[in-house]
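> Next input, structure requested:
(2 chains)
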Amino acid sequence: MPALLEVRRISRSFRGLQVLRGVSFSVEGGAIVGLIGPNGAGKSTLFNIVSGFLPPDDGDIIYAGADISRRSVPDRSYAGLVRTFQTPQVFRHLSVRENLMAGCYKQTRSGVLANLLGTPGSREESRRMRRSADAACEEFGLTAVRDRLAGELPAGQQRLVELARAAVGEPRLLCLDEPSSGLNTEEVVQLMNALQRLNAQGITILLVSHDMDLVTIAPVIHVLCFGEIIASGPLRAVQSDTRVREAYLGV
Amino acid sequence: MPVIARVHEANARLPLLKWAGALLVVALWAVLPALASRSVTDMLVFTALYSIAGLGVSFLLGQCGIVSLAQSVFYGVGAYSTAYCCVQLGWPSAAGLLVGIGISAVVAVAVGWPILRLSGYFLALATLALAIIGHVLFLEWDWLTGGTLGIGGIPPLSFMDYQLNSPQRFYYLVWPIAAALLWFHANLLRSRNGLAMRAMRDAPAAAAVLGVNIRILKVRMFVLSAVLGSLAGSLFAHYVSFVSVDSFGVDRAINFLLLAVLGGAKTIVGTVLGALFITIVPNALSRFGDIHAVLFAACLIAAVIFLPDGFGGAIARLTARMRAGDSRS
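Just a heads-up that it's a prediction; the model follows:
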């Protein structure tokens, strides 16, 4: 399958400190790809560059055959590239259902004027968003809490809300930043199942994680260390790589 | 009776209660000018005018997380446009109103585009600067605004020779307009753009990831707020028939923000309650003479301490508690 995402020779420095040094890797369409690395390896910087929150100093981000390196976050989102955050960013004062309805933003088109007047089209759109949100609540096991404010939920459920909200927008590439941090073992298993289910629906997943249990769902893993990819391949091969053991696993 | 049956019964009663309550409010509203004095009706007209302008500020603050102290500028633009078009140019009222709305929208885009990149205190200060600049321009451009002398002789609004030249008559125009605007904003709140703006308020980065163009949405909402300010200003000019720079100072801008905070910016109905507070309370306290400003300040402090979410928030909490109680009993 052709690559959906190609990261080409990405470099980035902050005040003279080189955080990324010509990083290149690709993510095939329909795959689950893991990106691991010790603290300070540059994972978050790379993630911010891929999702459009940071511009690279050098290099290109090629997504679905087009160079998106200079495109805005919403533009990338409309193209199907969606991310989650290391600290769950739920809309705290919105209910779980409203969070998921907001996730349908891209599938809707009505303007401010139509919304103000409450035109039949605008109302129908809201009903459609509500139906999609309710279906996603069901799929992610959030039905029991769908009327609660998202900010009142425990961290594990907030992660699930964030994931469901990203999924309801029908992304092509879902970039997940440390999705298992703060989750207990049972919740991690639930998350793994959800990710595998999304992948089976055709969503490509790029996964940044410290959690070795979680990255087992990724057939291909890239290891980032001090701003460079030092190893790529299946988890077992990566784990036995000498450089990885030295740099990342510390053995 | 089983608990579930009681909950169903309570839920079934709710729409009926809502309708009965709404009917009571409408009936009270309709008969109020006949029962109340001219000065009370006048205050209620101002409450509606401030509700319209304040709705813009309240919506920006509560739903978009934007603190705006610039509403006095748009209020002034609306009032002066109406005054100039109707008095100097002899244009009909609708033209003055539309000119005001057009100028306000253009100013809101021109100013909003650069300043809405800011947030928090910096944005508040930028809008305060806009209020100060607006006030100075209203004063200095006397060829347009009449300066300190203002512009008088603005004709009252009229429909088919029926002139709205008394508080009682104006009351029946301005309140339906305010109610319609509140309803429109309630619609907006429930729609895709309403969700997008609340998402932007809570977590801007996550909203951007969902495809929301934060800057454009902020500018659109700023324009909408400016249009409301201008509309209220135009109505104000027709109502009082005289506009002067004193009505569009920084104190007016602060009043609009105060109205939003006191009312509870997260609720739409709170805007009306906030407007009621800032019109009625100072008037009621004026009988205490020189000390009335101190007493008003004390009332504000008490309101902020005891009602941190404003009147609207307090009502929402109370309703939620009553519903919970209903479900338990």
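> Contact partners for the spatially closest residue to residue A:142 that is not a sequence neighbour?
Nearest non-adjacent residue to residue A:142, counting by Cβ to Cβ, 6 or more residues apart in numbering or on different chains: residue A:96, 5.5 Å away. For the C-beta atoms, the positions are set from N, CA and C on the backbone; glycine is no exception. Going by Cβ atoms under 8 Å, 6 or more residues apart in numbering or on different chains, residue A:96 touches A:137, A:142, A:145, A:146, A:147, A:148, A:149, A:150, A:153, A:161.
> For residue A:96, give its distance to residue B:168.
According to Cβ to Cβ, to the nearest Å, residue A:96 and residue B:168 sit 48 Å apart.
> and if you look at residue A:178?
In terms of Cβ to Cβ, residue A:178 sits 65 Å off from residue B:168.
> Residue B:305 now?
In terms of Cβ to Cβ, residue B:305 sits 38 Å off from residue B:168.
> and those two? which has more neighbours close in?
Set side by side, residue B:305 and residue B:168 show more neighbours around residue B:168, with 17 against 8, by other Cβ atoms under 10 Å in any protein chain shown.
> what's the helix or strand for that one?
Per DSSP states H and E: residue B:168 is located in helix B:167-190.
> before we move on, back to that, got a pLDDT number for the residue nearest to residue A:142?
You'll see residue A:96 listed with a pLDDT of 97.
> repeat for residue B:327
pLDDT recorded at residue B:327 is 60.
> correct me, but residue A:20 touches residue A:47?
No. The criterion here is Cβ atoms under 8 Å, and residue A:20 misses it with residue A:47 at 10.8 Å.
> So between those two, which is more surrounded?
Legend: neighbour count by other Cβ under 10 Å for residue A:20 and residue A:47, higher for residue A:20 (27 against 22).
> Buried residues, the helix or strand hosting the more buried one. List them.
According to DSSP H and E, residue A:20 maps onto strand A:17-28. By 16 or more other Cβ atoms under 10 Å in any protein chain shown, the buried positions in strand A:17-28 come out as A:19, A:20, A:21, A:23, A:25, A:26, A:27.
> what's the distance between it and the middle of its chain?
Taking Cα atoms, centre = their mean, to the nearest Å, the mean C-alpha location of strand A:17-28 is offset from the chain mean by 17 Å.
> just stretch B:160-179 next, same as before
Counting by Cα atoms, centre = their mean, stretch B:160-179 comes out at 18 Å from the chain centroid.
> next one: stretch A:180-200
On the basis of Cα atoms, centre = their mean, stretch A:180-200 is displaced by 13 Å from the centre of the chain it belongs to.
> Restricting to C-alpha, output it in PDB.
The C-alpha coordinates for stretch A:180-200 follow below in PDB (Å, rounded to 0.1, in the frame of the first residue of the first chain):
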ATOM      1  CA  SER A 180      -2.300   5.500  27.500                       C
ATOM      2  CA  SER A 181      -0.700   7.900  30.000                       C
ATOM      3  CA  GLY A 182      -2.800   8.000  33.100                       C
ATOM      4  CA  LEU A 183      -4.800   4.900  32.300                       C
ATOM      5  CA  ASN A 184      -4.900   1.800  34.400                       C
ATOM      6  CA  THR A 185      -4.300  -1.700  33.000                       C
ATOM      7  CA  GLU A 186      -7.900  -2.400  32.200                       C
ATOM      8  CA  GLU A 187      -8.300   1.000  30.500                       C
ATOM      9  CA  VAL A 188      -5.200   0.300  28.400                       C
ATOM     10  CA  VAL A 189      -6.700  -2.900  27.200                       C
ATOM     11  CA  GLN A 190      -9.900  -1.100  26.400                       C
ATOM     12  CA  LEU A 191      -7.900   1.500  24.500                       C
ATOM     13  CA  MET A 192      -6.000  -1.200  22.500                       C
ATOM     14  CA  ASN A 193      -9.300  -2.800  21.500                       C
ATOM     15  CA  ALA A 194     -10.700   0.600  20.400                       C
ATOM     16  CA  LEU A 195      -7.600   1.400  18.300                       C
ATOM     17  CA  GLN A 196      -7.600  -2.000  16.600                       C
ATOM     18  CA  ARG A 197     -11.300  -1.500  15.900                       C
ATOM     19  CA  LEU A 198     -10.700   1.900  14.400                       C
ATOM     20  CA  ASN A 199      -7.800   0.500  12.300                       C
ATOM     21  CA  ALA A 200     -10.100  -2.300  11.100                       C
END
